[in-house]
Each structure stands twice: as structure tokens, then as C-alpha cells.
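> quick one, what's the 3D model for this:
(chains A, B and C)
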Amino acid sequence: MIELKQVWKIFLNGRREVVALRNVSLSVSRGETVAIVGPSGSGKSTLLNLIGGLDRPSHGEILVEGRKLTDLDDDGLARLRREKIGFVFQFFHLLPTLTCMQNVALPLHLRGWPRRRAEARARELLGLVGLAGRLDHLPEELSGGERQRVAIARALAADPPILLADEPTGNLDTRTGQEILALLGELHARLGTTMLIVTHDAQVARSCARVVALRDGQIVDDCAMRDA
Amino acid sequence: MSRTALFAWAVAGALWAQEARQIVEEAQRRSRADSERYQGTLEVIDARGRRNLKRWTYQRLGSHGNSKAIIRFTDPPEVRGVALLILNHPERASDQWMWTPATQRERRIAIQDRSTRFFGTDFSFEDLEERDVNQYEYRMMGEETIEGAPCWKIESRPRKTRASQYSHSLLWIRKENYTLARIENYVGREPVRRANYREVQNVQGIWTPRLIEMHDLRRNSRTLLRLERLEYNVPLKESEFTLQALRRGS
Amino acid sequence: MLLARLSWAYLKKHRLRWALTIGGVALGVAVLVAMRLANQAVVASFHRTVEGIAGRTQLQVHAGDLGFPEEVLERVQAIPEVAAAAPVIEAALDTGLPGQGHLLVVGVDMTGDRSLRDYQFESAEEALLEDPLVFLAQPDSLIVTREFAERNGLRVGSRIPLGTAAGLRWFTIRGIMRPGGLSQAFGGNLAVMDVYSLQHVLGRGRRFDRIDVALREGITLEEGQEALRRALGPGFEVEPPSARGRHFEAILRSFSLTLNITSVFAVLVGMFLIYNSFSVAVAQRRTEIGILRALGANRGQIRRLFLGEAAVAGLIGSGAGALAGWAMARWVAGYVGRLMQEVYGVAQSVESASAEPGLLAAGTGVGVLASLVAAWVPAGAAARVDPVQALQKGRHQVLSAGEYRRRGWLAAASACAAALLLARGRSLGSFYAGYVLAILAALWWTPALSRWLARASRPLLAWLRPVEGALAADSLLQAPRRTSATVAAVMLSLAMVIGFGGVARAIYESLVEWVSTTLNPDLFVTPNAQIASRTYVVPAELGAEIERLPGVRQVQLVRSARIPYQGAPVLLVAAEVAKLAETVHRRPVEGDLEEMYRRTAAGEATIVSESFARLRGLRKGDSIELPAPKGLLRLEIAGIVRDYSDQQGTLLIDRAVYRDWWGDESVNVIRVYLAPGAQAAEVKREILERCGRGRRLFVLANEEVRRYIFRLADQWFGMTYNQIAVAILVAVLGIVNTLTVSITDRRREFGLLLAVGGLRPQVRRTVWMEAVAIGGIGFLLGLGLGAVSLYYSLEMTRRDLAGLSLEYAFPLELAAWLAPVILGAAFLAGLGPAEAAVRGSLVEALEYE
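Alright, predicted model coming up:
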């Protein structure tokens, strides 16, 4: 499903080279939920961005659903994201000027779905995340948790096999965070989506079947917790 | 200084002035002729020795203050036919017209500034005007010999009514025949033009200098005017001195 | 100066936008400085010519273009206060020399002229030229400047051809003047000729243009002026040479006004760009401002921070603009100079526009000041930023319903006020205030209107490209502040274009009507190569000769010339009015055509052009007094018509009146009407063969005259076209600027689009469509405001500029032509931002802000 082979990522920070990922190899099977933990700067987000095709590795190979990302051009990556991957960000990244429904329907629009169908799907998804009553609200009219629900709905809009979440609870209070986690767990159970969740929240990690710990760009621990 | 002495000096001065004026009057009387005609050669020699030669014929009717004159250029070819009509008036500046055959028209020449040079010569227009005795004050300055001829030396100053570019002039008049020997014109203390009158000949009873050399002291340029085939009292008609006559040419 | 670092960091991040903003200021200042310098250069060059020729002249006696009989000279010379008086004729003649154009020939009387003017000849010729005899005796004599001689490889004795009344004739160079004084006039393209020969050359008869006067010592200028006026009567102008410069400036005035409007417009453009950029910058830096405020910066410090940035941007832009303007000035000055000579026959040769430090500094100052003023409102907005709100994200793009309403009310109020001022206002101030209010109303309405139009355009865009179109339309709808800023930029520029273009078109159409009703003879016979030129004249007998030719039905003699009227030159046209009445049926503005022709033909009245009447507040029935050599000619205005012969106004009188009061028999245009069935080409050949021998004569077919007039008109409109070009450029700059801002502003948004599966071509097309949609909305609103602006522009033309009342007609062709230009420009403007949106790191884009 997802395979990283000896992946390096080196940033140039001014004249200084910063090694974000150091020879990382990782394999994630279909339907797994994986928490990626580690202190800030350990390379968690970089790892996620590489898997999502938002960024490219300096060395090494990444395979997603059997496709080698390094062989794809930018548009190939975009197509891959469109078909296989949903993103959830720490800061939600909703378009402030679009309503909840429009935000969720956006990826479908981009896929060229007819408006009616896209909106029906968005309504369905927003129902799924418990926001059926907030279809026409703007993001700023929602609470943080609600916003993240919209973001999750958007990520799942096109029914991707993989969901990548970068600190999905990082910007939320503990209770809301828990709710979001519960939602993710529920969705995983219902849809069987492969999930990679970057977090430094122990509780989040605990909710995942597998925890991969990163430090200074290297995997220092990779253990299964319990069956999700 | 005593009163008597002052009086004596004043009388002497008046006498001298009287005498100077009489001499000039006499000179004017002696040169008087009802008409005149000559062929003039005008040679300008500038400071660098370059020469420029022109010839004209000159005719005059009437004399002193009331005369009319006509000048027709004959040489060089570029200016042949150009003519100048001068009508002198005793009480005001002369009227002058110029005729240019190529354009077939006469033009009035306004000599508002009479200190300008007469057609590139060292004479100014004022120098060519006839001096009327009554327009000047005279003073006897003594006696001197000019080019071998004993002369009276007389200072003339224009009266207020007579505007002149010169502040005063010195005249040398030959005792022998009352002809002019030299004029020196001054602006302040500086002599600016000097004319020598030479080659005096008796023409029809009138003693006449046949060569006038005008020296512009500031430009260091000289003009020689030679009078040839000079005749006095020739029969000339008034009708020859009109604009119509000027246009006709001759 | 820690705060300056913040500015610097922001500036570095938005280089392109600042470049565009500074470019806008630079453009404004450049145009301002160029126009001013050019104007100065033209005036200075004219003054140089006048002064160079004037020499020691203290006063000049003249009577307009027509000149006066020679006898006047004696009257002047007889005045006791006058020390020297010398006649002068000036004319710019075409030299047959390749590339030399016109030679300004000054005719003087060498015998008396020396006391007025310095002629410093090359030393070798001194002796020769000290003697004017040869110069006067040979009528082909010419003295030229050393510059002209060197340019053309001429020496004393060389011969050059000049256009004379008798055709091309050869002239001999008899002297070469040293540089200095007289030689500086007319850029050195100057020659001195005997005044009487020049009369002959021009076919003018025994007339002079002017008498130059030096006064006796101790006589003041005023005393001299008084004495001359007393002696000559009211028909003559007695003025110091510098007054000619004033006349010239009067001619130049309407033109300067156009230049000034262009400059003001250019500066406004710069201000708009500054305002635009700073509004965006303030919006973008809300968080930064919030942090600064949270850290204890007070409102004054925030305001000063932004004003300081504006001042620096203004200084850099203005400095660069001033230098660019200096570089442009030479070109503009040359253009204006040529125009002045062609249209007005004013001898003119602009060789340089000097970099006047004062003016460059003033231009820079204006630029900085304009930047500060433009940044004042955004800086104030920055100062009012609430630190708590600022630290929350994503609020400011949305306009609340309340704000829409507020703006709507403001718009309605100012529109009402504008309408009221228009209906009731009489004064100049209320008129312009109304204009400003109308524009403000449009600006306040822009957000609502553009939202409405964006909504209306959504189906169209979505139909064109379902995904990208819908995205683009939504983006427009959801960021009204951003959208309306660009839309306003496009709208304002376009309104300006429609205003200028509409006036140009209205003048053009009115001009066409004038040409077809008034200039309807089959042939025009004139001694001048161009119909508008009046350098040469022909005797009236020529008319009779032509009338006897077979195929000729009627000839009409015309003498036209510029005469001074109340200190400004106007065009006097003396024609055979009774004959004119038969052939010219124009639409009068005031009065009855038949009656005005009858009364003018009878010599008791005049027909004046609308411009003449309007610019001087005159109406039908008013009396005017014209200075003529014979005295003051009093005529009643019997009618007002449209006439484009001259900008300052035209007066039509009967030829008989002219002959009587001006004592001139000459003619400069003969209008020839052909008998039915006669061939124009044949009659033309006949005229040239029978009458043209040994005479400078041009026979122009109606078609040629029309073409010439339209070419002249085109030259006049050249400036307007430049303004239109600048306005379009502003529109484009505005679109580029706001779009660039909008895109950089939305990098995260685009990053997100790409992250959630958008393809690059999709994002690109979205941005393109957004740009084109903004252009389109701005275009539509611009047409609307343009309709209003055109009304005001026409009013302005009528009231203040040209005194022409023109019919309102919306320039539809211009609009049709502008549509692809604006949309194309918008599209081009969108290209860069679109690329910026899809290039670069997605990770960074998502982390942006």
C-alpha cells in the first residue's frame, strides 16, 4: 500500500543543510492506522508530505498503491492525490470564503463532478461527520472542532483509500480532540481507510494500531499497540 | 584775478571766437558752387591691408544746407546701377533714398543712427553731411603746419540743437586758400576719426582737395576718396534729383 | 529602525508588486515632468528665437499676421521718442535642401538695422559685409548662421534653393554669422535677407510684419509705448519683444491644458496604484500589525510606518520618474514644436529640453506628496487595526451586509448630490464637484455592482469550463474587497478612455460636418503648400484670371490671417460673403443663416465661430471691436457657427470691409467651384498652365484638402491618443497589480486546491478566468461610468477648453475596440500570477502565512 525505501530528505536552510529524514524505510498495509509521533522537528510532517506527494524525497523511493512517486511529474502527483489521498491539516485549511458544503464539494468540483452530485455527496459526508445542520455556514462561524470535521469530510469527499492527517487535534482542546479521534476511528471502521496520523499527542497515538516514533529524522521505534 | 584782467580775457576770447567763425565762414563761402559733378573712386583699406574699390558718379545741385545730390555706383559690377538720392535740409537731417535696379524699387534709408558707417567705408553718414557754420561754436586754438601748409587750428563744438556723435572736432584750415587740411573728430578726449584733405587744385576758381583720406582710428581702417573729372557749376536740372529720376536711372 | 526592517522584509517578499507600484508613481511623475519640461522647452525655444532676433529692440509694433503698409515705418521714425526703427518680416521658408525642413528667414533693412541687431560675421567676410551695398544690390543675397552652413557644407558664394512666391528660386550666401545672439534663434536654422527682397519673395507687396524700435536714451518703455500708441492708433500693438512669447503661450495654452490634464491624470494613476498596493499591504499585514500593536506600538507609530514606506516608495518612483520624464521631454518637445509650426506656422525649433533641477525636484516632490496622500487612507486603516481581531484569521475579505448597505447609501447620496449640482449648479466649482461626486458614487457602488455582475457571470463561466469557471466566479464573489479594487481600477481607466475618446470622436464628427459643408469647393488655389499656411499671398487679379478659364463656375477670394483680439490671436477670415452664402449651407449655432450672411456681406456684422464666442462669453447681437490699421472696426455678431479653422476662434468678415480697413488686396486662398460636367483634373491643369507660370501656385483638389485637415486633426488628437494609451496602461497595471496581490494572497488557497487533487492546468485556468472576468466586469462598469464621464468631458470641452458644444454620442466603436484590448490585457495580466500560483513548493504554500 505505502512503501518508503531508504528515504532521505535534505533541506537547504540558507547555506546549512538540514537533514529532515535520514534513511527512513517504512511499509504500511491497506487498512492500517498508523500514528507517527516524535518531538517537533523530528521529521513527522515531512514524512507525511512526502507520502502525500506534496514534496519530493532527496533520495530513496516511495511507492503508494504500487505507484512509484519519484516517477511521477507534478501533474501525476496531483492525479494520484486526487484519486488516492485525502488530507487533514492542523490548521484545517478551509477556504474562508466558501461555505462548509462548498469546501467539502471543492475536491469533487476539481474532479469535474456535476454540481448537483457533488453537493449531494458533500451533504452526505457532512452528515457523516455530524454537521448536517451547518451546510451553509462559513468556516469562521464554526468552532475549531467543527472546522476540523469539515476538513475531514473534505478529505474523504472523493472516497480516497488513504487519509493523511497532520496534527488533526493539535489546534483543539482535549475534549474536542477526543471527539475528532473518535470520529476518525469511526470512519476507519466504516470505510476501512488507511490512515496516517502525525501527532505528538500520546492519546492520539494510543488510538492507533501502530505507532512509529521519529527522532532527528530517523525511525527509532515502530510498534503495534492493539487492534483497532 | 582782478576784474580788469577777467574782462580783458573775455574780450580776447570773444574776438578769437569771432575770428575763428569768420575763417570757417570764409572757407564755406569760397567753396560755394551752385552745382558739382565728379567721378569718385572709393578705396577702403582695412587694418589688415585688404582693399576694396568702388566707383561712383556724383552730382549735386544747390549748396550748403539746401543741396540735393545723387550718387550712382558704376563699379564693381555687383553694385552697378545702385543709386542714392540725398535731399539735405538746413533745419533737419537729410532724406535719403536708395534705388536697387535688381528689385526695381527704391527704399527710404532711415539714418536714425548717423554714427553708422556709410556703406562699409570709414565715413559715417554724419561725416558726409554738409556742415553748416551756424550749427557750431568755434574757438581759435592757434596755428600749425599740416603737411607743409601753415594752417589755423580751430575747435568746433556742435550747438545743443545739433546732435552729433562727436563731442567736438579740430579743424585745420589752410591759410593760403581757406581749404580744409585736416579734421580730427573727438569723443571726449579720444580722437576717433581723422580726415586729411590733400591734392588741392584750383577747379574753375574753387580750390578743391581732390583726395580725402579718412582714417578710423578705432578700427585702424582707412578710406581714400578720389575726386576725378570734377566740374563745378554744371547745368543740372531740379528734375534730375527726384524719386522719379532715381527710378529712371541714367 | 527596527520597524523599517519589517517594511524591508515585506518589500522583499513582494518585489513585483512594489516594482509595479513604484513603476506607477514613476510613470505619473515622468509624464508630469516630461510635459512640463517639454512645454518649457517649447516656450524657451520660442523665446530664444524671439530674443535672438530682437537684439536691442525695446518695443515692437505689429498688427497680427497681416502686417501693415510700409508708410507706417515713416510715421514711427518721425516719433521723437524713437531712436531707431527698423522694419522686419519673418517667414519660415522651405529650403530645397534635403533634411533641413524650414529656414526661418528674417527680412531686415541692413542700412538701418545695425543699431538694433548684432551681426557678427566670420572674420574673412567682415570687410565685405560691413558694406551692405552688394547685399542690397543683389536680391538673391542671404546670410546664414555658421551652424546651418556647416550642416549643409555651405560657404560664401554657395547657392541654396528656397520656396518663393514665384516658385523655387536660388539664393546666394553672401555672409555667414558667427554663433551667438541672432544665430541662436530658431535652432540656428536662420537666415537674414533684405526686407524688400523678402517682400518680393513672399509676394506680399509693400507691407511689413513688424517694426522693431529702440527708444532714445532717457525714454522709459512706458513712455515709448504711450508715444507710439498715440501716434499709431488702436490698430497696432506696441509691445516689448517678450510679449510675443506671451502670444505664443496663448496659442500654446489650449495645448498646454491638454498636456496638463495628461500629467494630472498620470499622477492620479500613480496615486491610485499606491492606494491600491497599500490597501492590500495593510490587509496582508494585519497579523503583523496586530502583533506590533500587541507589543505596544501605538496608532501613530503604525501610521508612520506605512506613511514612511509610502514616502520611500514615492521618492524612489518619483526620482526615477523625473529622470525618465527628462528623457521623454525632448521627444515630446519636438512633437509639440513641429505641431506648433505646422498648425500655427509659428517659427519654432526645439533643440533641447534642459534638465531644470527645480522642475525635477518639484516633480519628485509632487510624486512623494501624491504617494503620501494616496497612502493616507490605508495607513489610517492600519492604525485602526484592532490587535485582537487582527490575530484571528480570514475576516477582512468579506464585506458584511451592513457595509454593502452603507456603501450603497453613500453611492446613492453622492449620485443625488451630483445630479443636483448638475441641474442647479452654475459655477465652475459646482460643476467639477459634481464630476468628483459622480466618480465617488461609482466607486462606492463598485463592490455591490461587481458582486452582482460576478454572480450574473457565474453561469456563463461555469458553462465555459464547469470546474474552473465556477471556482473563478466563486472566488470573485467571495472576495468582494479584492475584486472590487481591481474592478475599480479598470473602471476608472476605462471611463477616462471613453471620456477622452468620446470627445475626440465628437470633435471628429463635428469636424467632418464642417469640412463637408464649408470646405466644399472643387478646387483650392493657394500659393502655400498647405491650406492652413499663410506665408505667401497672391494678388486678387489671379481670381479673375481663373474665373475666365473654361469649366470654372465661380471663384471666391479669401484672405485669412491671425490678428490680435484682446491680447490673444484669433483668425480673421475675409471672404466674399455674398458668394459664400450661395455655396456654404451650414448649420448655425445661433442666428439665422440667411440673415447673418446678408448682414455680414453688407459689412455691418461678422459671423464668429462658436469657440470665439464661448471662450469670451459673447452672444449673438453683441458688438466686438477689431483693431485694424485704419482704427477700431466695430461689428455686431450676426451669427455663431461651428468652425474649426482655428482653436482660438474665427471671425468671418466681408472682403470689402477687409480691403477698406486693412488696406490689403492680397489673397491667400481662392475657392474654385466648377461648372457642371467640368473635370477637376483638367481645370487644375489649365490653372497651373495658364496662371502658374513663374508663380508659386498649388491647386489642391477637395479630396487633398480634406485629407490634409484630417491629418492635422489626427496630429492634434495624437495627445488624446497618448492619454488613451496611458489610461489603458493604467488599466493593465491595475489588473496586474491587484491580480498579483490577489494570487500571492491566496497561495495557500491554490496550494490547497492542488493538495486536494486540483490539477495545475485547472488552477491556471481558474486564475485566467478570474482575471478575464475581473476585466470584463471592470469593462462593463467602465462603460457605464464612461457614459457619465463623457458627458462631463464634453461639458468641459464646451466650457473651458475649446468652447465647442458637441453632440453626445457614446463611442461605440471605441468600446467595441476596447473590449478585446481590456479582456486581452486582463488575460495577459493573469498569466504571471497563474504561473506563480502553480509553481513553487506546495508545502511552503500550505505553510504560508
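
> tell me which residue of chain B lies closest to chain A.
Nearest residue of chain B to chain A: residue B:48, at 81.2 Å (C-beta to the nearest C-beta). (Each C-beta comes from the backbone N, C-alpha and C, glycine too.)

> could you look up the SS state of that residue?
Following DSSP: H, G, I helix; E, B strand; the rest coil, we place residue B:48 in the coil state.

> okay, it and residue C:687: tell me how far apart.
56 Å (C-beta to C-beta, to the nearest Å).

> what of residue C:370?
As judged by C-beta to C-beta, residue C:370 and residue C:687 stand 59 Å apart.

> residues from chain C in reach of chain A?
Contact residues (C-beta under 8 Å from any C-beta of the partner chain) of chain C with chain A: C:393-395, C:397-398, C:462, C:466-467, C:470-471, C:474-475, C:478-479, C:748-749, C:752-762, C:841-843, C:846.

> let's see it at 7 Å
Selection of chain C residues close to chain A by C-beta under 7 Å from any C-beta of the partner chain yields C:394-395, C:397-398, C:466-467, C:470-471, C:474, C:478-479, C:748-749, C:752-760, C:762, C:842-843, C:846.

> centroid residue for chain A?
Per C-alpha atoms, centre = their mean, the C-alpha nearest to the average position across chain A is that of residue A:164, at 1.7 Å.

> name all residues that make contact with residue C:447.
Shown in contact with residue C:447 (C-beta atoms under 7 Å, 6 or more residues apart in numbering or on different chains): C:399, C:404, C:407, C:480, C:484.

> the longest helix belonging to chain A: which residues count as buried?
Of all the elements of type helix in chain A, the one with the most residues (DSSP state H) is helix A:174-191. Residues of helix A:174-191 classed as buried by neighbour count (16 or more other C-beta atoms under 10 Å in any protein chain shown): A:176, A:177, A:178, A:179, A:180, A:181, A:183, A:184, A:187, A:188, A:191.

> nearest to residue C:234, of those residues?
Closest approach between those and residue C:234, by C-beta to C-beta: residue A:176, at 96.9 Å.

> so for the closest one, what's the pLDDT?
What the model reports as pLDDT for residue A:176 is 82.

> wait, it touches residue A:144, no?
Yes: judged on C-beta atoms under 7 Å, residue A:176 makes contact with residue A:144 at a distance of 6.3 Å.

> what helix or strand does residue 62 sit in?
In the absence of a named chain, this looks at chain A. Take DSSP states H and E as the rule and residue A:62 turns out to sit in strand A:59-64.

> actually, chain C is the one I wanted.
strand C:59-62.

> output the contacting helices and strands for the next helix or strand along the chain from that strand.
Downstream of strand C:59-62, the first helix or strand assigned by DSSP H and E is strand C:68-69. Applying 3 or more C-beta pairs under 7 Å, 6 or more residues apart in numbering or on different chains; DSSP states H and E, we find strand C:68-69 packed against strand C:207-208.

> show me where chain B has its strands.
Listed in chain order, the strands of chain B (DSSP state E) span B:35-45, B:51-61, B:68-75, B:83-87, B:95-100, B:105-109, B:136-146, B:149-158, B:168-174, B:180-187, B:190-203, B:206-216, B:221-232.

> lowest-confidence stretch among the ones you listed?
strand B:105-109 (a mean of 80).

> that one pairs with which strands?
Partner strands and pairing direction for strand B:105-109 (DSSP bridges) are strand B:95-100 (antiparallel).

> hmm, residue C:492 and residue C:778 touching each other?
No: Residue C:778 lies out of contact with residue C:492 (C-beta under 7 Å); the separation is 8.9 Å.

> name the residue in these two with the higher neighbour count.
The neighbour comparison of residue C:778 against residue C:492 (other C-beta atoms under 10 Å in any protein chain shown) goes to residue C:778, with 30 against 27.

> state the number of residues packed around the closest residue to the more buried one other than its chain neighbours.
In space, and not counting its chain neighbours, residue C:778 is closest to residue C:490: 2.6 Å by C-beta to C-beta, 6 or more residues apart in numbering or on different chains. The number of residues packed near residue C:490 is 30, by other C-beta under 10 Å.

> pull out the buried positions in stretch A:204-216.
Judged by neighbour count (16+ other C-beta under 10 Å), stretch A:204-216 contains these buried residues: A:204, A:205, A:207, A:208, A:209, A:210, A:211, A:212, A:213, A:214.

> any idea how far residue A:216 is from the closest residue to chain C within chain B?
Chain C sits closest to residue B:120 of chain B, with a gap of 2.5 Å, by C-beta to the nearest C-beta. As judged by C-beta to C-beta, residue B:120 and residue A:216 stand 106 Å apart.

> ok, now residue C:620?
Distance, residue C:620 to residue A:216, using C-beta to C-beta: 97 Å.

> pull the contacting residues for the residue nearest to the spatial centre of chain B.
Centroid-nearest residue in chain B: residue B:128, 4.3 Å away (criterion: C-alpha atoms, centre = their mean). For residue B:128, the contacting residues are residue B:118, by C-beta under 7 Å, 6+ apart.

> redo that, cut-off 10 Å
Listed by C-beta atoms under 10 Å, 6 or more residues apart in numbering or on different chains, the contact partners of residue B:128 are B:69, B:71, B:86, B:94, B:111, B:114, B:118, B:121, B:214, B:225.

> ditto for residue C:699
Neighbours of residue C:699 in contact, by C-beta under 10 Å, 6+ apart: C:523-526, C:546, C:670, C:672, C:680-681, C:683-688, C:691-692.

> mind listing what's buried in stretch B:95-104?
B:96, B:97, B:98, B:99, B:100, B:102, B:103.

> with stretch C:706-718 instead?
Going by neighbour count (16+ other C-beta under 10 Å), the buried part of stretch C:706-718 is C:706, C:708, C:709, C:712, C:713, C:716, C:717.

> same question for stretch B:33-51.
Buried residues in stretch B:33-51, counting neighbours by 16+ other C-beta under 10 Å, are found at B:33, B:35, B:36, B:37, B:38, B:40, B:41, B:42, B:43, B:44, B:45, B:46.

> show me what contacts the closest residue to residue C:300 other than its chain neighbours?
Leaving aside its sequence neighbours, residue C:300 sits nearest to residue C:383 (C-beta to C-beta, 6+ apart; 7.3 Å). Each residue near residue C:383 by C-beta under 10 Å, 6+ apart is listed here: C:282, C:289, C:293, C:297-307.

> which strand or helix spans the spatially closest residue to residue C:271 that is not a sequence neighbour?
If you skip the residues right next to it in sequence, residue C:271 has residue C:374 as its closest partner in space, 3.9 Å away by C-beta to C-beta, 6+ apart. Element membership of residue C:374, judged by DSSP H and E, is helix C:357-383.

> now the contacts of residue C:447 in JSON lines, with secondary structure?
Formatted as JSON lines, those follow (three-state DSSP):
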{"residue": "C:399", "secondary structure": "coil"}
{"residue": "C:404", "secondary structure": "helix"}
{"residue": "C:407", "secondary structure": "helix"}
{"residue": "C:480", "secondary structure": "helix"}
{"residue": "C:484", "secondary structure": "helix"}
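
> now tabulate those residues in JSON lines and tack on pLDDT.
Below are the contacts of residue C:447 laid out as JSON lines (pLDDT from 0 to 100):
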{"residue": "C:399", "pLDDT": "51"}
{"residue": "C:404", "pLDDT": "72"}
{"residue": "C:407", "pLDDT": "77"}
{"residue": "C:480", "pLDDT": "72"}
{"residue": "C:484", "pLDDT": "78"}
